[in-house]
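Undergrad: Sharing a model prediction with you, sequence too.
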Amino acid sequence: MKIATRILIGVTSITALLAGCTTPAEQAAQAERDVDRMVRIYGPACQKLGFKAGTDPWRNCLIGLSQRDAAATPNAFYGPPYWRYPY
């Protein structure tokens, strides 16, 4: 009975680990969704700044605005509040 339990736990663990894996096609689809989101959010602002859509400077503007917002957003793991920790 102990061996069957260990096998069941092992198979369940491996199944759980493999369920979190993504294929290259899924990763590419997620990257495409991320780019579409950046274009939708930052594209109009970059055009108002004078960049022509679809050019390299416009893409650099998209990336720059996205990075600026990411840096300004506090990270839930590394950022404040520091007062939660007693040391």
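TA: On my side now, so go ahead. Numbers count the residues shown, from 1 in each chain.

Undergrad: Can you list the buried residues in the longest helix anywhere in the chain?
TA: In the chain, assigned by DSSP state H, the helix with the most residues is helix 24-48. Neighbour counts over helix 24-48 (16 or more other Cβ atoms under 10 Å) mark 39, 42-43, 46 as buried. In this view, the C-beta of every residue, glycine as well, is placed from N, C-alpha and C.

Undergrad: Name the residues that touch it?
TA: 22, 53, 58, 61-63, 65-66 (Cβ atoms under 8 Å, 6 or more residues apart in numbering).

Undergrad: Quick one, which of the residues you listed are buried?
TA: 58, 61-62, 65-66.

Undergrad: Next step: those restricted to helices.
TA: Using DSSP H, the buried ones among the contacts of helix 24-48 in helices are 58, 61-62, 65-66.

Undergrad: May I see those organised as JSON lines, with pLDDT and distance to residue 30 added?
TA: Output for those, formatted as JSON lines (pLDDT from 0 to 100; distance: Cβ to Cβ, whole Å):
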{"residue": "58", "pLDDT": "92", "distance to residue 30": "23"}
{"residue": "61", "pLDDT": "92", "distance to residue 30": "23"}
{"residue": "62", "pLDDT": "90", "distance to residue 30": "17"}
{"residue": "65", "pLDDT": "92", "distance to residue 30": "20"}
{"residue": "66", "pLDDT": "89", "distance to residue 30": "15"}
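
Undergrad: Reformat those as TSV; add distance to residue 28.
TA: Shown next, in TSV, are these (distance: Cβ to Cβ, whole Å):
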residue	distance to residue 28
58	22
61	24
62	19
65	23
66	19
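
Undergrad: Output the lowest mean pLDDT helix or strand found in the chain.
TA: Least confident element among the helices and strands of the chain, by mean pLDDT, DSSP states H and E: helix 2-19 (a mean of 67).

Undergrad: Since that was my last question, I'll sign off now.
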